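> structure for the following, please:
(one chain, ligands or ions: 1)
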Amino acid sequence: MSVSLSNMSFLPLLQQDYTRLQPVHMRDLFAADAQRVARYSLSAANLLLDYSKNRIDDGALENLFGLAEASGLGAARDAMFTGEAINNTEGRAVLHTALRYNGSDAVMAEGADVMPGIREQRRRVADCAHAVRSGKLRGASGKAISDVINIGIGGSDLGPAMLSQALAPYARTGPTLHFVSNVDPVLISDILTDLNPATTLIIVASKTFTTQETLANASLARQWLISGLGLAADDTAWRQHMLAVTARPDAAKALGYPEDQIFCFWDWVGGRYSLWSAVGLPIAMAIGPEGFDELLAGAEEMDDHFRSAPLRENMPVIMAVLGIWYRQFFNAQSHAVLPYSQRLARLPAYLQQLDMESNGKSIKKDGTASGWATGPVIWGEPGTNGQHAFYQLIHQGQDLIPCDFLVPTAHEAPAHAEQHQILMANAVAQAEALMCGKSAQQLRVELAKSSLPAEELDLLVAHKTMLGNRPSNFLLMPELSPKVLGSIVALYEHKVFCQGVIWGLNSFDQWGVELGKQLASQILSEMLDPNARAAEHDPSTNALLARLRQS
Ligand SMILES: O=P(O)(O)OC[C@H]1O[C@](O)(CO)[C@@H](O)[C@@H]1O
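As a prediction, the model looks like this:
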């Protein structure tokens with residue numbers, strides 16, 4: 001679905017809203033409406049979103065929802081859930097929602113019900129996770145598994161890696177997880193150094209099973225197993241320590257993985273949407289299959305909300321249109337994700353791929369240039385670390401940076417309740433400071449008693465004045481449980497989807513990363529074999545290659 005003319009017709013209306021609201025301070029919007037918080041808050045699927053600290057009013061919101069409607073968002077949403085081939089450049093359905101669907105209806109893609117295959121893989125994942133956790137699955141030397149290494153990159157790494165940190169308290173009885181993504185050999189070497197091959201299981205996760213980094217790391221790991229287990233070169237006992245997760249089982253088989261060691265997913269699962277599939281196997285091993293089911297259930301709750309709630313009461317839609325409001329009209333080029341939980345430290349990285357690989361595009365689905373500013377740069381760090389690093393720029397820099405505060409209210413260590421309160425207080429304080437700021441007048445009152453000479457006082461007031469009016473969403477969650485995490489990830493998936501629809505993009509391909517992959521293969525062959533026919537490179541690339549060959 002591309003941006004239609006009716007969609008474009010909202011531009012002038014929203015431009016008028018922007019002109020009206022641009023000079024307005026949020027403090028005044030709150031002062032004028034005692035119900036603002038109640039009216040601009042919403043609960044859904046285990047989460048509470050307070051979006052009152054945004055530079056919007058009913059008029060602007062109405063036009064933003066009108067924009068979403070005119071973009072055909074309702075129909076696009078149905079098309080996704082019902083398995084239409086909405087990924088038009090690859091001719092694929094987009095059915096990650098089916099991976100967490102627990103109902104009994106058929107879900108069709110290309111004329112076939114995908115649910116039996118999904119249930120079969122879910123069962124296999126659960127069986128394997130049980131076998132590892134119970135010690136039933138044993139390595140070549142008869143020992144139980146203590147450590148699991150997931151080798152994968154992008155969508156085959158970030159989801160499980162982020163969740164393994166987020167759900168650590170639920171994983172105390174499972175194997176220890178390790179994640180290898182980067183092709184830099186120091187990463188895998190550092191991990192392997194501390195592990196015993198006899199008690200280590202390696203999962204090679206790759207949708208395509210062609211990814212250079214993953215195959216290189218997998219090959220290195222296999223060698224480590226062979227030598228560590230003392231196997232002869234032709235002994236295939238390493239297989240007892242290696243599983244494959246892929247949408248190309250034929251490619252895994254060709255590399256020696258037996259069928260019963262290969263877990264499958266499908267072309268209609270985008271890599272960055274795949275953690276709900278067998279790609280989640282390490283999570284199921286760590287928190288148990290029951291915990292993994294909870295994760296799926298939390299996502300399914302958000303799916304149900306997204307599918308059934310009217311646009312104006314729909315959490316992903318609200319977050320999506322607010323993002324578009326800032327990106328298009330306030331020229332906000334980035335969006336900060338600020339989790340007030342150390343356990344969510346990898347969430348910004350996870351959302352970077354989800355959002356930027358999905359909507360970092362300039363061409364619409366129909367092949368024409370987008371008339372809109374599209375996906376922002378996503379970045380962030382957990383509070384309070386970020387406060388002492390980059391918040392200065394968010395508070396007083398020249399760019400408007402909308403923020404999402406993600407705040408779990410329950411704390412897992414009752415003995416440290418007070419310290420948790422410090423964390424919570426900081427989250428609330430930062431959102432308040434961003435919105436309210438501090439006026440020169442307030443500062444002059446505060447500094448009135450100081451004996452500073454007038455010139456110094458003026459200087460200080462100028463530097464300390466904070467204009468505020470900086471927008472944020474506040475997302476409260478009761479706890480960091482598998483269910484809540486499932487809801488959060490699904491919330492952002494749907495937000496990104498909605499934005500893609502409104503911008504007219506195909507959010508499910510990623511052609512922009514292909515050229516770099518092709519060039520890396522070509523350059524590698526030239527580096528390995530100086531006699532290889534060199535491709536036509538630019539002078540800078542040629543010079544760099546020459547230097548690297550010498551080093
Ligand atoms: O799972 P694969 O096929 O190894 O791909 C890994 C990642 O590479 C990409 O294709 C491009 O970076 C991502 O979309 C994907 O998640």
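> what sits against residue 311?
By C-beta atoms under 8 Å, 6 or more residues apart in numbering, the contact set of residue 311 is 65, 68-69, 73-74, 317. Quick note: C-beta positions are derived from backbone N, CA and C, even for glycine.
> now swap in residue 378 and tell me
So residue 378 contacts 334-335, 337, 348, 351-352, 355-356 (C-beta under 8 Å, 6+ apart).
> so residue 21 sits against residue 54, correct?
No. Using C-beta atoms under 8 Å, residue 21 is not in contact with residue 54; the gap is 10.0 Å.
> need the residues of the stretch 201-350 of the chain near the ligand, please.
Residues of the stretch 201-350 of the chain found near the ligand (C-beta under 6 Å from any ligand atom) are 206-208, 211, 214, 271-272.
> mind redoing it with 5 Å?
By the rule C-beta under 5 Å from any ligand atom, the part of the stretch 201-350 of the chain lying against the ligand is 206-208, 211, 271.
> same check, this time on the chain
So far as C-beta under 5 Å from any ligand atom goes, the chain lies against the ligand at 153-156, 206-208, 211, 271, 510, 513.
> ok, these vs residue 406, which is closest?
Taking C-beta to C-beta as the measure, residue 155 is the one of those closest to residue 406, at 20.8 Å.
> number of nearby residues for the closest one?
Counted with other C-beta atoms under 10 Å, residues neighbouring residue 155 total 25.
> pick the one among the contacts of residue 378 closest to the ligand.
Nearest to the ligand among the contacts of residue 378: residue 356, at 10.6 Å, using C-beta to the nearest ligand atom.
> on the three-state scheme, that closest one is what?
Of the three states, residue 356 takes helix under DSSP: H, G, I helix; E, B strand; the rest coil.
> residue contacts, it?
Counting by C-beta under 8 Å, 6+ apart, residue 356 touches 375, 377-378.
> same thing but at 10 Å, please
Neighbour list for residue 356: 272, 375-379, 496, 510, 512 [criterion: C-beta atoms under 10 Å, 6 or more residues apart in numbering].
> closest one of the contacts of residue 378 to residue 219?
Among these, and counting by C-beta to C-beta, the member closest to residue 219 is residue 352, at 27.7 Å.
> out of the residues of the stretch 201-350 of the chain next to the ligand, which end up buried?
206-207, 211, 271 (16 or more other C-beta atoms under 10 Å).
> JSON lines for the residues you listed, including distance to residue 239 and pLDDT?
Formatted as JSON lines, these follow (distance: C-beta to C-beta, whole Å; pLDDT from 0 to 100):
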{"residue": "206", "distance to residue 239": "17", "pLDDT": "98"}
{"residue": "207", "distance to residue 239": "21", "pLDDT": "98"}
{"residue": "211", "distance to residue 239": "21", "pLDDT": "98"}
{"residue": "271", "distance to residue 239": "25", "pLDDT": "98"}
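> which of those sits closest to residue 242?
Nearest to residue 242 out of these is residue 206 (C-beta to C-beta; 12.7 Å).
> thought the closest one was touching residue 216?
No. Residue 206 is beyond contact range of residue 216, at 11.4 Å (criterion: C-beta atoms under 10 Å).
> mutual contacts of the two, please.
Common contacts of residue 206 and residue 216 (C-beta under 10 Å, 6+ apart): residue 151.
> for the residue in the stretch 451-551 of the chain that the ligand sits nearest to, which non-adjacent residue is closest in space?
The stretch 451-551 of the chain approaches the ligand most closely through residue 513 (4.3 Å), counting by C-beta to the nearest ligand atom. The shortest distance from residue 513 to any non-neighbouring residue, by C-beta to C-beta, 6 or more residues apart in numbering, is to residue 357 (7.4 Å).
> quick check: domain ranges of this structure?
Using automatic domain parsing, the domain ranges for the chain come out as 5-70+309-436+470-503, 125-289, 513-550.
> can you give me the strands in the stretch 201-350 of the chain?
242-246, 262-264, 334-339 (DSSP state E, counting those that start in this stretch).
> kindly report the same for the chain.
Under the criterion DSSP state E, the chain contains strands at 41-44, 47-50, 108-109, 112-113, 147-151, 176-180, 200-205, 242-246, 262-264, 334-339, 377-379, 403-408, 472-477.
> what pairs with the second one, parallel or antiparallel?
The partner list of strand 47-50 in its sheet, established with DSSP bridges, is strand 41-44 (antiparallel), strand 472-477 (antiparallel).
> most tightly surrounded among these?
With neighbours taken as mean count of other C-beta atoms under 10 Å, those reach their highest mean count in strand 472-477, at a mean of 21.
> centre of the chain versus that strand, how much separation?
A distance of 16 Å separates the C-alpha centroid of strand 472-477 from that of its chain, computed with C-alpha atoms, centre = their mean, to the nearest Å.
> which among the buried ones among the residues of the stretch 201-350 of the chain next to the ligand gets closest to residue 222?
Nearest to residue 222 out of those is residue 206 (C-beta to C-beta; 14.3 Å).
> what's residue 222 in contact with, if anything?
202, 204, 238-239, 241-242, 255-256.
> now do the buried residues in stretch 160-171.
Neighbour-count burial for stretch 160-171, counted by 16+ other C-beta under 10 Å, picks out 160-168, 170-171.
> the closest residue to the ligand within the stretch 301-450 of the chain: neighbour count?
Minimum separation of the stretch 301-450 of the chain from the ligand (C-beta to the nearest ligand atom) falls at residue 357, amounting to 5.7 Å. Counted with other C-beta under 10 Å, the neighbours of residue 357 add up to 22.
> before we move on, what about residue 231?
Residue 231 has 15 neighbouring residues, counting by other C-beta under 10 Å.
> ok, for it, nearest residue in space, not its chain neighbours?
Of all residues not flanking residue 231 in the chain, residue 237 sits nearest, at 5.5 Å (C-beta to C-beta, 6+ apart).
> from residue 543, how far out is the one you found?
48 Å (C-beta to C-beta, to the nearest Å).
> so for those two, which sits in the more crowded spot?
For residue 237 versus residue 543, neighbours defined as other C-beta under 10 Å are more numerous around residue 237 (15 against 11).
> need the strands paired with strand 47-50 in a markdown table (columns: mean pLDDT).
Listed next are the strands paired with strand 47-50 as a markdown table, based on pLDDT from 0 to 100:
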| stretch | mean pLDDT |
| --- | --- |
| strand 41-44 | 98 |
| strand 472-477 | 98 |
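> joint contacts of residue 21 and residue 54?
The contact lists of residue 21 and residue 54 share 29, 60, 325, where a contact means C-beta under 10 Å, 6+ apart.
> relative to residue 80, which of the domains of the chain is closest?
domain 5-70+309-436+470-503 (6.8 Å).
> how far is the closest one from where the chain is centred?
Using C-alpha atoms, centre = their mean, the offset of domain 5-70+309-436+470-503 from its chain centre is 14 Å.
> and stretch 283-297, by the same measure?
Averaged C-alpha coordinates place stretch 283-297 at 19 Å from its chain's average position (C-alpha atoms, centre = their mean).
> for the residue nearest the centre of the chain, give its distance to residue 277.
Closest residue to the average C-alpha location of the chain: residue 351 at 2.4 Å, with C-alpha atoms, centre = their mean. Distance of residue 351 to residue 277, given as C-beta to C-beta: 19 Å.
> check residue 158 too.
Noted for residue 158: a distance of 14 Å to residue 277, by C-beta to C-beta.
> same question for residue 450.
As defined by C-beta to C-beta, residue 450 lies at a distance of 62 Å from residue 277.
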